[in-house]
Every structure is written in C-alpha cells, then in structure tokens.
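Participant: Next comes the sequence, and after it the predicted model I'd like to discuss.
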Amino acid sequence: MTMEASLPTAEIAHAMPGRARLRFPDRLGDSAFFASVSSSLSALPGVSKVAARPFTGSVLIEHGGSLDKVSEAAREAGLFAVGKAPPASTELPVEIDPQAFVSLALMGFALWQMSREKVLPPAITLLWYASNLAGVWRNVVTEGGK
C-alpha cells in the first residue's frame, strides 16, 4: 500500500486566487484530525491562514501562490491528498405537488386573515378552499348515501 493511498482525501469545494475551501467528507466531526491538519498546514510555506471546521468537515486555506503548490506540499507532508469533488446534482431532491402547495398557501392566507380578526368570511372561505384542495372532504359519506 502506498503512502498516498492511506492519506485522507480532500475535495476542493471552492477555490479562487489566494483562498480555497477543502472538504473531508470521511472525517466529518473528527476534531483531532482537523486540529492536526490546521497546525500542519499553517506551517507550510505559502499558507497565511487556516480555519478548520470539524462540524462541517472543511478547512479554509488562505495562501499565496497556487493551490496546486499547497496541495503538493500537504501531500508530501503526509497530511492529505486532493481529489476531485463529485459533480453537483442538478435534480430537484423533492417533487412539489402544486395542489398541496396551493392548499398550504390558502391555509397560510387564512391564518393571516384570522390574525387580522377577519374570520368571517375571508378566513373561513380560504380554509374551505384549502381543505377541498387537500382532499379533506373526499371520503365523507353524505347523508342517505353509501
């Protein structure tokens, strides 16, 4: 096993000249690791400031020169290896039901009308429309019906 294979992998979350944020998803919450990386990175040439955040699993590095030189120095010092971040997902995580959205919006407007003490008719009407959209009255058996 090579030394590089045993090194933690950092993903470049954000980089611009003189500043970069690296993420360590496998080390999330590991305070000892981030304290060690922070102090070791601060000692590297070209690094002016390091802010480690174990809770988010990231390290912010302010540096002079190129990030490639800092990454190479960190790898040679046995701190971490810089890999590629996974591509950002372009899919929406949740599909929004328009009917449910409108129903919730109507309920919100009804509550707003109630807060203004406009219960009859505005709030009651809005609640009626919202409950109809939400399907509250679909399974109610009418009198004489089955």
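Facilitator: Great, that's in hand.

Participant: From now on I want contacts and neighbour counts done on CA atoms only, so please keep to that.
Facilitator: OK.

Participant: Give me the spatial nearest neighbour of His63, chain neighbours excluded.
Facilitator: Counting by C-alpha to C-alpha, 6 or more residues apart in numbering, Val47 is the residue found nearest to His63 once chain neighbours are left out, at 4.3 Å.

Participant: In contact with that neighbour, which residues?
Facilitator: Counting by C-alpha atoms under 8 Å, 6 or more residues apart in numbering, Val47 touches 41, 61-64, 70.

Participant: which residues are contacting the helix or strand harbouring Ala13?
Facilitator: Using DSSP states H and E, Ala13 falls within strand 9-16. With C-alpha under 8 Å, 6+ apart as the contact definition, strand 9-16 has outside contacts at 20-25, 80-85.

Participant: ok, now how distant is the residue positioned nearest the centre of the chain from Ser103?
Facilitator: For the chain, the residue sitting closest to the mean C-alpha position, by C-alpha atoms, centre = their mean, is Thr56 at 9.8 Å. Look at Thr56 and Ser103: by C-alpha to C-alpha, to the nearest Å, they are 36 Å apart.

Participant: wait, Met107 sits on Trp128?
Facilitator: No. Contact status for Met107 versus Trp128: not in contact, 9.1 Å apart, counting by C-alpha atoms under 8 Å.

Participant: With neighbour numbers in mind, choose between these two.
Facilitator: Set side by side, Met107 and Trp128 show more neighbours around Met107, with 20 against 17, by other C-alpha atoms under 10 Å.
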